[in-house]
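# quick one: sequence and predicted model below, then my questions.
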Amino acid sequence: MANKKSIVAEINPEIRDALIEMGAVDAYKCFQCGKCASVCPWFQVGTYEFLVFRFPLETVLGLIASSEEKEELAKEDDKIYRCVGCEACVDQCPLGVSMPQILRSARRILVDFGSYPETLKSVVQKIRNVGNPLGEPREKRADWAEKSGVAEFKSNMELLYFPCCIASYDARIQNVAKATARLLKRAGVSFGILGTKESCCGEAIRRVGAEAVYKETARSNIENFKEAGVKRSLVSSPHCYVTFNKEYPELGGSFEAVHTTEYFWNLIEQGKVQPSKSFKKKVVYHDPCTLGRQSGIYDAPRNILKSIPGLELLEVEDFSRNLSLCCGAGSGALWIDWPKGERMADIRIKQLVDTGAEVIAVACPYCLQMFEETVKAMNLDIPVMDVTEILVESMNEGEPTE
């Protein structure tokens, strides 16, 4: 009879202590109920076994990222980087265990040893070198704004608009930034951008585990924000929203961030933005994980859509609000090409389309990019639009700006 390997012999207290020091302290709270696995989006995908509840125990035993064999470590890397940080598990956990934080701690160890996906290494390097994950020249970051007549931010302005990297560079997502600028101008809001002086908020690389590069990038932004006199920022990305409000204060950056859906709903309530042009479409709204579960913003985007004449708002039965299924782009997964049959976006698009909607509405650049690519890959004829783009279409051009 072959000798069985003793788990006691495999316990690695050094790895365990390193994980706890990196932020995995929640591992001690988990009592292995398994509820997290049933709400994890990988459960809906169904083709990849992702037993989330195992990670806390493996952390306490020091078994995560502990293999010294190349093939085994590659399997561990794949498993650890499957988490998209959607926090569905946190939302449903009886004790609020942060499984994403446990896995981010493991990622920090992997990054320190250079043992993480090459695609993500490239993203981290691009942000360090040119301030954005796409590797685009810094000097082109404000090109979209020049064409839209958006000025550089001055300290006497009401808002700094921070569109995020994707909306600054990607030709399709730039329309979100342009729509936002048009709405702000129509409402008479004084705003500007930092353009070439701004860098990625750093959220994605922190979730990847590149803590040192995140801090370097964040401190650069904080310094530029302070120098420019920024007190309040408007963001299109929920990821920037969370980073500015919850994480920059750790590094001395206290700048209030407001998401576009909150801000424009407030302007509608004040009568400064008045949707009057009919948008006769059935629209289904997708709750982004970072805006919904992680920030509690559910009503503002829906209220905007409900205020638009002719628009019929639909919901995904059983999978909306805090139960919304992730698009699959969080925690660096936007840049990972999962094999066919292992893509969350495919499942989510089917849920959205099955409502009978004619338009899919989103409020996150990540979701917009993921869904646009997925709709094309699935040969579906349904537009994906940001809430701001739909709101702009409902405005009559002849209306006054104030």
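Yes, it's here.

# where's A300 relative to V387, distance?
From A300 across to V387, the span is 9 Å (C-beta to C-beta, to the nearest Å). Every C-beta, even on glycine, is put in place using the N, C-alpha and C of the backbone.

# between these two, what contacts are shared?
Overlap of the contact sets of A300 and V387 (by C-beta atoms under 8 Å, 6 or more residues apart in numbering) consists of T261.

# neighbour count for the two, which is higher?
In this view A300 and V387 are compared by other C-beta atoms under 10 Å, and V387 has more residues nearby, 26 against 20.

# got a pLDDT number for the more buried one?
Looking at V387, its pLDDT stands at 98.

# for it, what are its contacts?
Applying C-beta under 8 Å, 6+ apart to V387 gives the contacts 260-261, 264, 285, 301, 304-305, 361-363.

# go on, R172?
Applying C-beta under 8 Å, 6+ apart to R172 gives the contacts 368-369, 372.

# same list (the contacts of V387) but as a markdown table, adding distance to E58 and neighbour count.
Output for those, formatted as a markdown table (distance: C-beta to C-beta, whole Å; neighbours: other C-beta atoms under 10 Å):
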| residue | distance to E58 | neighbour count |
| --- | --- | --- |
| T260 | 40 | 29 |
| T261 | 38 | 26 |
| F264 | 44 | 27 |
| Y285 | 37 | 27 |
| P301 | 38 | 30 |
| I304 | 43 | 28 |
| L305 | 43 | 26 |
| A361 | 39 | 27 |
| V362 | 35 | 26 |
| A363 | 35 | 30 |
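
# by neighbours, which of the contacts of R172 wins?
When neighbours are taken as other C-beta under 10 Å, the top entry among those is L368 (29 neighbours).

# which SSE is it in?
Counting by DSSP states H and E, the element that carries L368 is helix 365-377.

# remind me what whatever helix or strand comes next after that helix packs against, helices and strands.
Where DSSP H and E defines the elements, the next helix or strand beyond helix 365-377 is strand 384-386. When contacts are defined as 3 or more C-beta pairs under 8 Å, 6 or more residues apart in numbering; DSSP states H and E, strand 384-386 packs onto helix 174-186, strand 359-362, helix 365-377.

# from the middle of its chain, how far away would the first one be?
The chain centroid and the centroid of helix 174-186 are separated by 20 Å under C-alpha atoms, centre = their mean, to the nearest Å.

# and the last one, by the same measure?
For helix 365-377, the distance between its averaged C-alpha position and the chain's averaged C-alpha position is 13 Å (C-alpha atoms, centre = their mean).

# using CSV, write out every CA atom in that helix.
Taking Å, rounded to 0.1, in the frame of the first residue of the first chain, the C-alpha atoms of helix 365-377 are listed here in CSV:
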residue,chain,number,x,y,z
PRO,A,365,-16.5,51.0,-18.5
TYR,A,366,-15.4,47.4,-17.6
CYS,A,367,-18.9,46.1,-18.1
LEU,A,368,-19.4,48.0,-21.3
GLN,A,369,-16.2,46.7,-22.8
MET,A,370,-16.9,43.1,-21.7
PHE,A,371,-20.5,43.1,-23.0
GLU,A,372,-19.7,44.8,-26.3
GLU,A,373,-17.1,42.1,-27.1
THR,A,374,-19.3,39.3,-25.9
VAL,A,375,-22.4,40.5,-27.9
LYS,A,376,-20.2,40.5,-31.0
ALA,A,377,-18.7,37.1,-30.3
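
# thought D386 was touching L183, still the case?
No. Counting by C-beta atoms under 8 Å, L183 stays clear of D386, with 11.3 Å between them.

# who's more crowded, the two?
Taking other C-beta under 10 Å, L183 and D386 do not tie; D386 has more neighbours (26 against 20).

# list the contacts of that one.
Counting by C-beta under 8 Å, 6+ apart, D386 makes contact with 175-176, 179, 236, 361-363, 365, 368.

# one more time with 10 Å
167, 173, 175-177, 179-180, 236, 260-261, 301, 361-365, 367-368, 392 (C-beta atoms under 10 Å, 6 or more residues apart in numbering).

# repeat for C200
By C-beta under 10 Å, 6+ apart, the contact set of C200 is 123, 126-128, 130-134, 164-166, 168, 213-214, 217-218, 220-221, 239-240, 243.

# now the buried members of those residues.
By neighbour count, with 16 or more other C-beta atoms under 10 Å, the contacts of C200 hold 123, 126-128, 130-133, 164-166, 168, 213-214, 217-218, 220-221, 239-240, 243 as buried.

# wait, doesn't L311 sit right on S278?
Yes. With contact defined as C-beta atoms under 10 Å, L311 counts as touching S278 (8.2 Å).

# tell me, what's touching these two both at once?
By C-beta under 10 Å, 6+ apart, the residues touching both L311 and S278 are 393-394.

# who's more crowded, these two?
The neighbour comparison of L311 against S278 (other C-beta under 10 Å) goes to L311, with 21 against 12.

# can you pull the contacts of the residue nearest to that one when sequence neighbours are not counted?
Using C-beta to C-beta, 6 or more residues apart in numbering and skipping residues adjacent in sequence, the residue nearest L311 is F279, 4.7 Å away. Residues near F279 by C-beta under 10 Å, 6+ apart: 305, 308-312, 359, 390-391, 393-394.

# now rank the residues you listed by neighbours and give me the top one.
In terms of neighbours by other C-beta under 10 Å, those top out with L391 at 28 neighbours.

# secondary structure element holding that one?
helix 387-393.
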